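[1] need the 3D shape of this:
(one chain, ligands or ions: 2)
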Amino acid sequence: MALQATSFSLHNLVNLPAKTAGSSMDSGLFGVSLSDHRKLDFTSSSSRTKMEFTRRRAFRTQAVATTAPAVIWTAPEGKKTLRKGSVIITGASSGLGLATAKALSETGKWHVIMACRDFLKAERAAKSAGMSKENYTVMHLDLSSLESVRQFVRNFKQSGRPLDVLVCNAAVYQPTAKEPTFTADGIELSVGTNHLGHFLLSRLLLDDLKQSDYPSKRLIIVGSITGNTNTLAGNVPPKANLGDMRGLAGGLNGLNSSAMIDGGDFDGAKAYKDSKVCNMLTMQEFHRRYHEETGITFASLYPGCIATTGLFREHIPLFRLLFPPFQKFITKGYVSEEESGKRLAQVVSDPSLTKSGVYWSWNKDSASFENQLSEEASDVAKARKVWEISEKLVGLA
Ligand code: NDP
Ligand code: PMR
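    Ligands and ions are numbered 1, 2, ... in the order given. This is a model prediction of the structure:
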């Protein structure tokens, strides 16, 4: 009975927009206050695009769709295209990334570039997911090395493919790590991979997105509820907190600066949550700096609790055993990998999700809504500061 009552409260909380949840939970549960292409439509393209396409055809050696029908996609603004969309998904070798790649490839309207650190694993994953060869290409990307990010971008540009959507999805989570580990560049691994690797990748690919003639071009950075302290999940310790970012400014090298963004002692779970706050702040800063000028849609999302993915591989076995039933039956926040993939695929391709600067979530009927970010994850000054420090750390400033 007690379990049922808890289940009911948590269920409602998970499925309501955060603001509503906060106002109904102020006295608090747990004492927490929750306040490929066949043809191009040249009619809408510049002559530059035509030249590019000729060049692309000359370059393309693999994975060209020859059997899928030409797709006519109409954006709300009435723009049409007769080619497949081209989407890069980082970390598409498992979990959410793979499920999204599968969902998009099955429509026949998308060519998915699976940007993965383990080439063979990604190829095997695509095969076992039943993805057709003409709908995807695997390219090597190790986000924990800034040089690998730059090399990936060079390789992608050389491939001559257009870029219509970039999905920053890959992540690592080290909840049991006692000591920090570091990227090839000496930066704490979680923030280095989840935030800084993606920050550099997005910045270097922004021009390619700008040049896309696709009806809706998008940059999506996957966020999470656990980085948002206006939710119950975000109040499970250790809570995300960037503080004054002295650690980030010091390079997160764990030598002359802390490995944590706020300058505190290393905590792997907190480092992950902080990295998610950076992801959500970065999306908004991109929106403020570039949406109006470029027409690119910048978005983030919480796909639901996909409790069975590889994200929890470093957690203790008991956690891995109990976490899925806990999320399924107690919090009701659980979502299958397949369902989460459909959600992210919507953010990539749904003509109704073109609004920029939005953090998407889904309710219990799996309908999308614009969710409210926590105070810190929507702090304009913090977003600018994260941007400016990150530019320096990745060598862009
Ligand atoms: P997975 O572990 O299944 O997927 C993570 C992916 O990231 C894997 O493909 C992994 O590659 C890849 N990756 C890790 N490190 C690197 C690196 N250095 N370079 C390139 N790729 C790398 O986890 P999820 O599918 O759960 O996570 C996907 C996203 O969803 C993350 O951003 C996570 O924060 C977010 N999320 C997940 C939730 C959940 O409940 N699971 C909830 C909310 C958000 P490899 O296969 O080689 O290990
Ligand atoms: Mg959480 C409203 C309930 C809710 C939701 C939607 C999540 C999602 N979690 C909720 C509640 C709770 N969790 C409660 C009440 C507890 C204490 C028992 C709890 C604990 C917990 C742990 C120890 N939860 C966790 C962990 C993890 O290690 C996961 C994590 O923080 O990864 C960073 C996690 C998660 N809970 C979630 C989600 C989506 C996660 C993991 C993934 C992520 O945010 O990326």
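[2] now Ile221: how far from ligand 1?
    Computed as CB to the nearest ligand atom, to the nearest Å, the Ile221 to ligand 1 distance reads 8 Å. No exception for glycine: its C-beta is placed from N, CA and C like everyone else's.
[3] surely that residue touches Thr297?
    No. Using CB atoms under 8 Å, Ile221 is not in contact with Thr297; the gap is 11.8 Å.
[4] okay, those two: which has more neighbours?
    The residue with more neighbours, out of Ile221 and Thr297, is Ile221; 28 against 21, by other CB atoms under 10 Å.
[5] could you say what helices and strands the host helix or strand of that one packs with?
    Assessed by DSSP states H and E, Ile221 sits inside strand 218-222. The helices and strands touching strand 218-222, judged by 3 or more CB pairs under 8 Å, 6 or more residues apart in numbering; DSSP states H and E, are strand 165-168, helix 198-211, helix 268-294, strand 297-301, helix 337-349.
[6] kindly recompute the last result at 6 Å.
    strand 165-168, strand 297-301 (3 or more CB pairs under 6 Å, 6 or more residues apart in numbering; DSSP states H and E).
[7] and among those, the most buried is which?
    strand 165-168 (a mean of 27; mean count of other CB atoms under 10 Å).
[8] ok, residues contacting the helix or strand just after that one?
    Following strand 165-168 in sequence order, the next helix or strand is helix 189-190 (DSSP H and E). The contact list for helix 189-190 (CB atoms under 6 Å, 6 or more residues apart in numbering) reads Val172, Thr181, Thr183, Ala271, Tyr272, Ser275.
[9] near ligand 1 at all, helix 189-190?
    No. Helix 189-190 lies apart from ligand 1 when judged by CB under 6 Å from any ligand atom; the minimum separation is 8.2 Å.
[10] how about that helix, does it reach ligand 2?
    No. Using CB under 6 Å from any ligand atom, helix 189-190 stays clear of ligand 2, coming no nearer than 9.7 Å.
[11] follow-up on the earlier one: of the helices and strands packed on strand 218-222, which is nearest Met139?
    Closest to Met139 of those, according to CB to CB: strand 165-168, at 12.7 Å.
[12] run me through the strand neighbours of the closest one, direction for each.
    Neighbouring strands of strand 165-168 in its sheet, by DSSP bridges, are strand 85-90 (parallel), strand 218-222 (parallel).
[13] distance to Leu204 and mean pLDDT added to those strands, as JSON lines?
    JSON lines is the format used below for the strands paired with strand 165-168 (distance: least, CB to CB, whole Å; pLDDT from 0 to 100):
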{"stretch": "strand 85-90", "distance to Leu204": "12", "mean pLDDT": "98"}
{"stretch": "strand 218-222", "distance to Leu204": "12", "mean pLDDT": "98"}
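[14] want to throw these into a markdown table with distance to Ile316?
    Listed next are the strands paired with strand 165-168 as a markdown table, based on distance: least, CB to CB, whole Å:
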| stretch | distance to Ile316 |
| --- | --- |
| strand 85-90 | 27 |
| strand 218-222 | 24 |
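[15] how near is Ile113 to ligand 1?
    In terms of CB to the nearest ligand atom, Ile113 sits 13 Å off from ligand 1.
[16] repeat that for Ala125.
    8 Å.
[17] could you do Leu242 as well?
    Taking CB to the nearest ligand atom, one finds Leu242 at 17 Å from ligand 1.
[18] what's near enough to touch the nearest residue to that residue once chain neighbours are set aside?
    Using CB to CB, 6 or more residues apart in numbering and skipping residues adjacent in sequence, the residue nearest Leu242 is Ile261, 5.0 Å away. Applying CB under 6 Å, 6+ apart to Ile261 gives the contacts Leu242, Met245, Gly247, Leu248, Asp274.
[19] what do you get for Gly97?
    Ile89, Gly91, Asn169.
[20] count the neighbours of the last one for me.
    Using other CB under 10 Å, Asn169 is surrounded by 24 other residues.
[21] that one against Gly91, yeah?
    Yes. With contact defined as CB atoms under 6 Å, Asn169 reaches Gly91; the gap is 4.8 Å.
[22] what's the spacing between the closest residue to Asn253 other than its chain neighbours and ligand 2?
    Nearest residue to Asn253 in three dimensions, chain neighbours excluded: Gly186, at 4.9 Å (CB to CB, 6+ apart). In this view, Gly186 and ligand 2 are 24 Å apart by CB to the nearest ligand atom.
[23] what about Gly186, neighbour count?
    12.
[24] beta-bridge partners for the spatially most central residue of the chain, please?
    Nearest to the centroid of the C-alpha atoms of the chain, with distances taken as CA atoms, centre = their mean, sits Val222, at 2.5 Å. Per DSSP bridges, the residues bridged to Val222 are Leu301.
[25] could you pull up the mean pLDDT of the host helix or strand of Pro325?
    Here Pro325, judged by DSSP H and E, is contained in helix 317-325. For helix 317-325, mean pLDDT is 98.
[26] and it, which residues are buried?
    Phe323 (16 or more other CB atoms under 10 Å).
[27] starting at the chain centroid, how far to it?
    Counting by CA atoms, centre = their mean, to the nearest Å, helix 317-325 is centred 24 Å from the centre of its parent chain.
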